[in-house]
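Trainee: Provide a 3D model corresponding to the input given below.
(chains A and B)
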Amino acid sequence: MARFVLARLVQSLVALAILSVVVFVLARATGDPLHLILPMSASEEDYANARRYLGLDRPYVEQYASFVSRALTGDFGTSLRARRPVGELIAQRLPNSLRLAAFAMSVSLLLAFPLGVLAAVWKGTGIDRAAQVIAVLGQSLPTFWVAIVLIEVVAGRLQWLPAGGIGGFTSYVLPGFTLGWFVVAGMMRLLRSGMLEVLDSEYVKLARVKGVVESRVVWVHALKNALIPVVTFAGIYFSILVTTAIVVETVFAWPGLGRLAYEAISSRDFPVIQAVVLTTAAIVAVINLSVDCLYAFIDPRIRYVR
Amino acid sequence: MRLAIGIVAVLLAFALGASPAAAQGKSDLTVALSSFSTEVLDPVLGGHVVKYYMSLMFDYLVGVTPDGQLSRDTGLATRWEPSSDHRRWTFYLRKGVKFHNGDEVTSEDVKFSLQRAIGKRSTTGYAGPLRALFADIETPAPDRLVIVTKDPTLIIPTYLSRSLSTEGMILPKKYIEAVGDDAFAQKPVGSGPFRFVEQVTGSHIKLAAVDNHWRIGVPRFKTVTFKLVPEETTRIALLRRGEVDIADVSRERVKELEREAFPIHFRREEAILTMWWVLPRDGQPTKDKRVREALNLAVDRNEVAQSIFAGHADPAYVPLGLSWSYRDIGFKVSSEMQYPYDPARAKKLLADAGFASGFPLTVHAYQLPGLPEGKAFAEAIAGYWQKIGVQPKLVPVDYPAFRKSWFDRATPGAVGYYNVANRDWIGTYALLEKQAYSKSKVSDTVNDPEIDGMIEQVMRQTDKEKIGVLMRNVYTRLRSEHYGVPVVYLHSPYAAAKTLGKWNPGNVMYDFFIDELASSKR
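Mentor: Coordinates of the predicted model:
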């Protein structure tokens, strides 16, 4: 197990190193940030001064070497747009994204588990079809549209919940539901098919023959063995929710990592773009590794070999 | 079951662990804006900053009224006077004014602030002309400052006032020297009626009122919070819920909000939406004055104002014609200057110029901050030009890409546009010096020796009447030579809470006088 974890860590570090070069080059290919930072009235001299002050006048190789050497010590430089340490910006935004993603994942688990299990147990019935409709809607309705409708109706007209911004528990509900609903569909369908397979297996039949209560058969014996693909899916989606919730974060005025990335890209804020991409890559790597480790916990038959 | 309990526990943890939403009382003012610009709280090192929150934290050397007139009551200088040769400007400072850290504001702070503003690291954009003009800054007494200029000039007080940019904001010398630029930007200290409390980038900036301020008395609000809310539906929902008191809204949502009895405050003619051609003109159809006139006559400005801007815009007829300067310089747009919508005459002019079958014209189409209608506007103008035989080619780009193409002169003859913020005569002069003066090179859009000569004279002219004549002649020449396609003046709506009361957002660039709203002296 330790060897496996070590190998995965080395793989992740190599991937991060390659990614750092790619993002460094691509970020600069998008254009000159000074056209956004300086006012229209800025002179050529102002441009030259700003370029020198921000270190953008140095050769690319020198800029990259400086970026890598500082990044290794946890210093991602200073944001060109906000003039603050990039590490500080990420430290402000990442917890907000993690909390929102955790909330959204909780919402999706709370919806997907009963829907998936019930749809499998009552296959072909009205419950099954209703569950599938809910799931399909979640994935087919554009997130942007769902968010706008929820804000307009639930927050603006009915005034039941906050419309945007980060605050107490209630501020998580609309963005969390918007994000979570999208994930419900895939998770529910995976769980349903997994449950159908497991419910038809010999050990479940044996449990029933031995007189185990049906609810225990379904919710304990069958569910646990149908979980592996769901855990994989949830892990992947959690990292996606943390890193790419740009639309939801923008619409709900949520100061998270996705919006930081969007702001950085639209203002050509190279240091922030680089740091956000590397941070999200690291998050994805850590979550994937955690999911792999979780397999062994869920199904002790799984062992990692060379 | 254990899993379900775990999930419910996670949700409950949010309920218990998350901070409660801030209660909005009458003493708190919350403003929701679609953009904060760069979000840097340093007035001169932060790039292109807006003044909405900055002018609450800092005092200007020279104050202005909400309609942009210099005022002795709202700036640190209670009076100012030039020497007879207009090369020495003496400013008399208000006594007893303190920064939020308790330090007294002295002439040394003013000198430090101005030197920093015109320094090489300054990114304000208006520093250049001051840098070229300043010879020395003297501090003969703690309440007296003398600015010595290389040439006679009239522009100093206005350039250092709230009517222009941020060069005239006064900063604490000792504090900045002690903590450094970066720490100052993260925890700014000023002498304005509101002090900095916190900034969460991408979320909000919170300010708290000082007990009593010479500018506004005892502030009506204990706190002012600026929230960054990019999506309009969210801003309006926040307004309906009473979570914000002021929100910028689009022109198309005005009627709906008025039906709900939300007061709408307009900043009338906040910007001119104008189009121009990338230089050089040599070899381009637009080198011919008749072509430039034809492109102007082809546009139905009233229709654009009504259909694209929901009636919250008025036709504009003078290229770079910033109307807030007209009163200062005595300029009037005569009826002859008003372009009629005349596609037939436009076609004839094109034919006379040898372009009877039109010509290809690249039109860059992009969104701009505060102009969600940007792309629709570009498409509409291209449509008008198509009707007279021109073959416009819409190129979707983002604004920085167009700006690079414009500054690099990479696409001569192509068209771009901008919602140029309206401003007074000195601000207008500063803009003309960049966009209509060929020596500015990078951002020039005009290139006319006659205009160059007039612009050069304005800076060093000390007779206000003569400045007025020069500026009027610049405008007349811009219009008669059709150096651009001015289309409309935009009125910018701000929706307010029903309880907010009277508010004059004023006529000053990048500002809307929240301090006036907070003033107990009203």
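Trainee: longest helix anywhere in chain A?
Mentor: helix A:86-121 (DSSP state H).
Trainee: what is the rounded mean pLDDT of stretch B:318-326?
Mentor: Mean pLDDT, stretch B:318-326: 93.
Trainee: let me redo that: stretch A:207-216
Mentor: For stretch A:207-216, the per-residue pLDDT averages 82.
Trainee: ditto for stretch A:55-63
Mentor: 85.
Trainee: Quick one: end-to-end length of stretch A:265-272, please.
Mentor: Taking CA to CA, to the nearest Å, stretch A:265-272 runs 8 Å from one end to the other.
Trainee: ah, wrong one, I meant stretch B:152-159
Mentor: End to end - CA to CA - stretch B:152-159 spans 15 Å.
Trainee: Just the pLDDT for residue 146.
Mentor: Because you didn't say which chain, this covers chain A. pLDDT recorded at residue A:146 is 92.
Trainee: think we crossed wires, I meant chain B
Mentor: pLDDT at residue B:146 comes out at 98.
Trainee: element containing the residue lying closest to residue A:32 once chain neighbours are set aside?
Mentor: The shortest distance from residue A:32 to any non-neighbouring residue, by CB to CB, 6 or more residues apart in numbering or on different chains, is to residue B:404 (6.0 Å). Bear in mind the C-beta positions are built from the backbone N, C-alpha and C, glycine included. Under DSSP states H and E, the secondary-structure element containing residue B:404 is helix B:399-407.
Trainee: what's in contact with that helix?
Mentor: A:31-33, A:35-36, A:40, A:268, B:278, B:364, B:366-368, B:397, B:410-411, B:414, B:416, B:442-443, B:445 (CB atoms under 8 Å, 6 or more residues apart in numbering or on different chains).
Trainee: which ones are touching the residue lying closest to residue A:152 once chain neighbours are set aside?
Mentor: In space, and not counting its chain neighbours, residue A:152 is closest to residue B:233: 5.7 Å by CB to CB, 6+ apart. Going by CB under 8 Å, 6+ apart, residue B:233 touches A:148, A:151-152, A:156, A:251.
Trainee: rerun that using 6 Å as the cut-off
Mentor: Applying CB atoms under 6 Å, 6 or more residues apart in numbering or on different chains to residue B:233 gives the contacts A:148, A:151-152.
Trainee: Most neighbours of all the residues you listed, which one?
Mentor: Neighbour counts for the contacts of residue B:233 peak at residue A:151, which has 28 neighbours (criterion: other CB atoms under 10 Å in any protein chain shown).
Trainee: Could you double-check that it lies in contact with residue B:238?
Mentor: No. At 9.1 Å, residue A:151 and residue B:238 do not qualify as touching, with contact defined as CB atoms under 6 Å.
Trainee: Find the residues that touch each one of those two.
Mentor: residue A:163.
Trainee: Could you say which helix or strand holds residue B:487?
Mentor: Short version, using DSSP H and E: residue B:487 is in strand B:485-496.
Trainee: Contacts for that strand, please.
Mentor: Against strand B:485-496 from outside (CB under 6 Å, 6+ apart): B:239, B:246-249, B:254, B:257, B:262-275, B:295-296, B:301, B:304-305, B:312-319, B:321.
Trainee: follow-up on the earlier one: could you export the contacts of residue B:233 as a markdown table, including secondary structure?
Mentor: Formatted as a markdown table, the contacts of residue B:233 follow (DSSP: H, G, I helix; E, B strand; the rest coil):
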| residue | secondary structure |
| --- | --- |
| A:148 | helix |
| A:151 | helix |
| A:152 | helix |
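Trainee: buried stuff in the helix or strand hosting residue A:285?
Mentor: Using DSSP H and E, residue A:285 sits in helix A:270-298. Within helix A:270-298, the residues scored as buried using 16 or more other CB atoms under 10 Å in any protein chain shown are A:270-281, A:283-285, A:287-289, A:291-292, A:294-295.
Trainee: buried stuff in stretch B:251-258?
Mentor: B:251-254, B:257.
Trainee: May I see these arranged in JSON lines, with pLDDT and secondary structure as well?
Mentor: Shown next, in JSON lines, are these (pLDDT from 0 to 100; DSSP: H, G, I helix; E, B strand; the rest coil):
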{"residue": "B:251", "pLDDT": "91", "secondary structure": "helix"}
{"residue": "B:252", "pLDDT": "89", "secondary structure": "helix"}
{"residue": "B:253", "pLDDT": "92", "secondary structure": "helix"}
{"residue": "B:254", "pLDDT": "94", "secondary structure": "helix"}
{"residue": "B:257", "pLDDT": "95", "secondary structure": "helix"}
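Trainee: so what's the closest residue in space to residue B:77 that isn't next to it in sequence bridging to?
Mentor: Of all residues not flanking residue B:77 in the chain, residue B:91 sits nearest, at 4.3 Å (CB to CB, 6+ apart). Listed by DSSP bridges, the beta-bridge partners for residue B:91 are residue B:80, residue B:145.
Trainee: what's the distance between residue B:91 and chain A?
Mentor: When CB to the nearest CB, to the nearest Å is the yardstick, residue B:91 and chain A sit 24 Å from each other.
Trainee: and what of residue B:124?
Mentor: Taken as CB to the nearest CB, the span from residue B:124 to chain A is 7 Å.
Trainee: tell me the SS of that residue?
Mentor: Of the three states, residue B:124 takes coil under three-state DSSP.
Trainee: What parts of the stretch 51-200 of chain B come near chain A?
Mentor: B:120-121, B:123, B:125, B:128, B:185, B:200 (CB under 6 Å from any CB of the partner chain).
Trainee: which parts of the helix or strand following the longest helix of chain A are buried?
Mentor: Using DSSP H and E, the helix or strand that directly follows helix A:86-121 along the chain is helix A:126-140. Residues A:128, A:131-132, A:134-135, A:138 are the ones in helix A:126-140 that count as buried (16+ other CB under 10 Å).
Trainee: Next, the angle from the helix holding residue A:285 to helix A:86-121.
Mentor: 40 degrees (axes from the mean of the first three to the mean of the last three CA atoms, to 10 degrees).
Trainee: centre of the chain versus helix A:270-298, how much separation?
Mentor: 10 Å (CA atoms, centre = their mean, to the nearest Å).
Trainee: That helix and chain B, any residue contact?
Mentor: No. Helix A:270-298 is not in contact with chain B by CB under 6 Å from any CB; minimum separation 10.2 Å.
Trainee: so what does that helix touch, helix or strand wise?
Mentor: helix A:2-29, helix A:86-121, helix A:227-244, helix A:257-266 (3 or more CB pairs under 6 Å, 6 or more residues apart in numbering or on different chains; DSSP states H and E).
Trainee: Run the contact check for the longest one versus chain B.
Mentor: Yes. Remark: helix A:86-121 sits within contact range of chain B at A:89, A:106, A:109-110, by CB under 6 Å from any CB.
Trainee: Highest neighbour count among those?
Mentor: Most surrounded of the residues of helix A:86-121 next to chain B: other CB under 10 Å gives residue A:89, at 27 neighbours.
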